[in-house]
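A.B. asks: give me a model of this one.
(2 chains)
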Amino acid sequence: MKVTLQRWSAWTPNCMNREAWEAWAKEPSVLGHEGKPEAEFLPAMLRRRCSRLTRMMLQAAFEACEAQDLSQVRTVFASRHGAIHIAVQIIDTIVKGQIVSPMQFSHSVHNAQAGLFSIATGNCQPSSSLAAEADTFGHAFLEAMLHLERAPQQPVLVVIGDEPLPPLFKHLIEEPEVAYAFGMLLTTNGVARPGSIDLDFDLTLESTPLPSLAWPPALEFLRWLSLGASGSLTLGAEQRRWVWRRALA
Amino acid sequence: MNEATPSANRAKGSARQPCALPAMGIVNCLGVGQAQIWPRLLAGDASGLVHRLDFIPGVDLIVGAVSAALPEIPKSLHRYACRNNALSLLALQQIEPEVREAIERFGSERVGVVMGTSTSGSAEGEAAILNHYRHGFLLPQFEYPQLEFGGAAGFVAAYLGVRGPTFSLSTACSSSARALASARSLLALGVCDAVIAGGADSLCGLTTHGFQSLQAISASASNPFSANRSGLTLGEGAAVFLVTRDVNASRVKLFGVGESTEAHHISAPDPEGRGAETSMRGALADAGLAAKAIAYLNLHGTGTQLNDEMEGAAVDRVFGSHLPCSSTKSLVGHTLGAAGAMELAFCWMMLAARGDAKLPLLPHCYDGVPDPKIPPLALVAPGAIREVQGSAYVMTNSFGFGGNNCTLIVGDGGVA
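C.D. replies: Residues are numbered from 1 along each chain as shown, chains lettered A, B, ... in the order given. Just a heads-up that it's a prediction; the model follows:
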């Protein structure tokens, strides 16, 4: 499968811009999990109501787009854990016999980020919200390909983000403790923008286990991009392997 | 009365290739499987709705709860053992022979799974947290994949041993309609040769308290499109389909997908129904069908003030006032993330039950008092049959929270 990655953007508490990410890619250091982005592009009223995950994902979404893209792109919002922090707060409220807030419930759905992006940008294009356990990033990339299959002329914005699990659940799974969001704009048609990369994307099977990753798969992908996208990158879970290669002209 | 034939109504070249839905499994409060559910739906039997006091303290909640015994999740898959996945399994078992045959034929790496859910195993997460609150530790049987959204698809793939793409979509009430859209694209792109697609949702504290907080739940059973309607009734269940390219071996085919978002409000639809209209028109264009080719519409019809008013206006703009339509949510409740696949399954059974030209229509069950604020619609009376010459095409709407809409068209038409 061929696709052009036109632009990308990412946010963590320690790396908030392209220069910081390029330095991190060369010499990865600990990424934090405290703090949240300004998200100054959001109207104040909306911004106050957004969770940190939403702010991170919308920050990455806005920066991966040029202004004219915002209302035109199809979107894929992906997160393994989604609004688990809000869900746990709501369950806590229920368990204590208190009244659940409608605003909190509205922001707890898995497509909250997609809905808020649509409201903030006036975007009425099709949108998916996805989760696929430890293999969420590769499937989010695939879901973007499925949107491009339906509408080849329309760019697709993919945004993935996650936070460390609430303390209550932290011991249940093993994963890097990072709060991050990553966004990328994918196309199969149209003019290449400065810095765009043509990619081949494939799915294969492999029974040898993958070594455990130091960073979430999306940030491993970002590192590979930042270091020039040379050779190929393989990510996945269980036997599934997603392989990215810079396409030959 | 309907002159639909492939050549008359499907504009050549403009429509995309349909995909086949050769097998369907279903469970909801009316029972398990086509043989139990179809006659009760057709009879407008609302006796599956029950009163429950255990979800919200002090509230007598009417819900479409599944009362059938649920299969046990295999011990080796304990990490996925939750009610939501047991509902999926009960639906999946009905089509397991066809699914196993497809896996055998294409290879496990060529079969994918896409499931829609809005709850996943929230109920088990809630029980675990309650135990933590009372005793200081989570329930020992609780594992994270029971709760996470991705587990809804992960379970189905692990149960079947398939190794193709496996992901969950969660766009509130349009989740599992979207699963069918992604399944079709997986086939079209050549990534898969067969996909198991559908949805499951299970009653839990999060959704009952959440919709109650939005004042969206009706104190009596939902009464869609009535002047007296006062909200929705929650339900639960699962519906799954085998999706393949074998259009010649399947009566029911997926002809059209329409999708839109609304840029309007986080928990309320656009009052003019513009997103709903875009979604329906998109599905017609995708199928290459004129509005007059549609024989029946299964409405989203939640029974809330806003949904029914905006949906009625949108249907009127796309179809006028003569298209037979009904909401089946007054019989099975609103199964949220499963609703798209559930109501697609109702349309599937309708096409499967067609005899010659006679297409049995699902009744719209309500108190019979139309809302003067909604343009008049041809709400289906019990026992109604539509004469359809040639191919029949039916449509189903799913409009999600957060403004995420998806419309599907299935039909028994031939393929050019």
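A.B. asks: can you tell me the residue of chain A closest to chain B?
C.D. replies: At 3.0 Å from chain B, A:Gly115 is the closest residue in chain A, using CB to the nearest CB. The C-beta positions use only the backbone N, C-alpha and C, and glycine is treated the same way.
A.B. asks: so that residue sits in a helix?
C.D. replies: Yes - inclusion of A:Gly115 in a helix is indicated when DSSP: H, G, I helix; E, B strand; the rest coil is applied.
A.B. asks: next one, pLDDT for it please.
C.D. replies: The per-residue pLDDT reported for A:Gly115 equals 95.
A.B. asks: against A:Gly190, how distant is it?
C.D. replies: When distance is defined by CB to CB, to the nearest Å, A:Gly115 is 27 Å away from A:Gly190.
A.B. asks: between the two, who's got more neighbours?
C.D. replies: For A:Gly115 and A:Gly190, the more surrounded residue by other CB atoms under 10 Å in any protein chain shown is A:Gly115, and the numbers stand at 30 against 13.
A.B. asks: residue contacts, that one?
C.D. replies: Taking CB atoms under 8 Å, 6 or more residues apart in numbering or on different chains as the definition of contact, the neighbours of A:Gly115 are A:Val109, B:Thr261, B:Ile266, B:Phe401, B:Gly402, B:Gly403, B:Asn404.
A.B. asks: restricted to strands, list those.
C.D. replies: Taking DSSP state E, the ones among those that sit in strands are B:Thr261, B:Asn404.
A.B. asks: now check stretch B:48-60, is it near chain A?
C.D. replies: Yes - contact of stretch B:48-60 with chain A (CB under 8 Å from any CB of the partner chain) involves B:Pro57.
A.B. asks: buried sites along that stretch?
C.D. replies: Residues B:Gly48, B:Leu49, B:Arg52, B:Phe55, B:Ile56 are the ones in stretch B:48-60 that count as buried (16 or more other CB atoms under 10 Å in any protein chain shown).
A.B. asks: got CSV for the residues you listed, with pLDDT and secondary structure too?
C.D. replies: As requested, the buried residues of stretch B:48-60 are exported to CSV (pLDDT from 0 to 100; DSSP: H, G, I helix; E, B strand; the rest coil):
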residue, pLDDT, secondary structure
B:Gly48, 97, coil
B:Leu49, 98, coil
B:Arg52, 97, strand
B:Phe55, 96, coil
B:Ile56, 95, coil
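A.B. asks: closest one of those to chain A?
C.D. replies: For those, the nearest to chain A is B:Ile56 (8.6 Å; CB to the nearest CB).
A.B. asks: OK, contacts around that closest one?
C.D. replies: The contact partners of B:Ile56, taken as CB under 8 Å, 6+ apart, are B:Thr208, B:His209, B:Gln212.
A.B. asks: between the residues you listed, which has the most around it?
C.D. replies: Of all those, the highest neighbour tally under other CB under 10 Å goes to B:His209, namely 24 neighbours.
A.B. asks: against B:Ser170, how distant is that one?
C.D. replies: Computed as CB to CB, the B:His209 to B:Ser170 distance reads 18 Å.
A.B. asks: need the contact partners of stretch B:122-129.
C.D. replies: For stretch B:122-129, the external contacting residues (CB under 8 Å, 6+ apart) are A:87-88, A:91-92, A:94-95, A:168, B:81-84, B:138-139, B:142, B:146-147, B:202-207.
A.B. asks: what is the nearest of the buried residues of stretch B:48-60 to B:His132?
C.D. replies: B:Phe55 (19.8 Å; CB to CB).
A.B. asks: hmm, the closest one is touching B:Leu61, no?
C.D. replies: Yes - with contacts defined as CB atoms under 8 Å, B:Phe55 counts as touching B:Leu61 at a distance of 5.2 Å.
A.B. asks: overlap in contacts of the two?
C.D. replies: Residues within reach of B:Phe55 and of B:Leu61 at once, by CB under 8 Å, 6+ apart, are B:Thr208.
A.B. asks: tell me which helix or strand the residue sitting nearest the centre point of chain A sits in.
C.D. replies: Within chain A, the residue whose C-alpha comes closest to the C-alpha centroid is A:Ile160; the distance, by CA atoms, centre = their mean, is 1.2 Å. Element membership of A:Ile160, judged by DSSP states H and E, is strand A:156-162.
A.B. asks: ok, residues contacting the following helix or strand past that strand?
C.D. replies: Scanning forward in sequence from strand A:156-162, with DSSP H and E defining helices and strands, the next element found is strand A:180-187. Applying CB under 8 Å, 6+ apart, the contact partners of strand A:180-187 are A:3-12, A:31, A:53, A:56-57, A:59-61, A:63-65, A:69, A:73, A:141, A:144-145, A:148, A:155-162, A:216, A:218-219, A:221-222.
A.B. asks: out of those, list just those in helices.
C.D. replies: Within those, membership in helices is found for A:53, A:56-57, A:59-61, A:63-64, A:141, A:144-145, A:148, A:218-219, A:221-222, as judged by DSSP state H.
A.B. asks: which two in the residues you listed are spaced the farthest apart?
C.D. replies: Looking across the ones in helices among the contacts of strand A:180-187, with CB to CB as the criterion, the two at the greatest separation are A:Leu53 and A:Leu148, at 25.9 Å.
A.B. asks: pLDDT-wise, which helix or strand of the chain ranks last?
C.D. replies: Just going to use chain A. For chain A, using mean pLDDT, DSSP states H and E, the weakest element among its helices and strands is helix A:44-49, scoring a mean of 90.
A.B. asks: that's the wrong chain, I meant chain B
C.D. replies: Using mean pLDDT, DSSP H and E, the lowest element in chain B is helix B:6-9, with a mean of 42.
A.B. asks: give the buried residues for the next helix or strand after it.
C.D. replies: Helices and strands here follow DSSP H and E; after helix B:6-9, the next one along the chain is strand B:19-28. Residues of strand B:19-28 classed as buried by neighbour count (16+ other CB under 10 Å): B:Cys19, B:Ala20, B:Leu21, B:Pro22, B:Ala23, B:Met24, B:Gly25, B:Ile26, B:Val27, B:Asn28.
A.B. asks: tell me which of the residues you listed is nearest to B:Asn131?
C.D. replies: Set against B:Asn131, the nearest of the buried residues of strand B:19-28 by CB to CB is B:Val27 (27.9 Å).
A.B. asks: what's opposite that closest one in the beta bridge?
C.D. replies: The residues listed as beta-bridge partners of B:Val27 by DSSP bridges are B:Val32, B:Ala238.
A.B. asks: roughly how far does it sit from chain A?
C.D. replies: In this structure, B:Val27 and chain A are 23 Å apart, going by CB to the nearest CB, to the nearest Å.
A.B. asks: any idea how far B:Ala172 is from that residue?
C.D. replies: Applying CB to CB to B:Val27 and B:Ala172 gives a distance of 21 Å.
A.B. asks: what residues does the stretch 1-150 of chain B have near chain A?
C.D. replies: In this structure, the stretch 1-150 of chain B approaches chain A at residues B:57, B:109, B:118, B:122, B:125-126, B:129-130, B:132-133, B:138, B:142-145, B:148-150, judged by CB under 8 Å from any CB.
A.B. asks: let's see 6 Å
C.D. replies: Counting by CB under 6 Å from any CB of the partner chain, the residues of the stretch 1-150 of chain B close to chain A are B:Glu109, B:Glu126, B:Ile129, B:Leu130, B:Tyr133, B:Tyr144, B:Phe149, B:Gly150.
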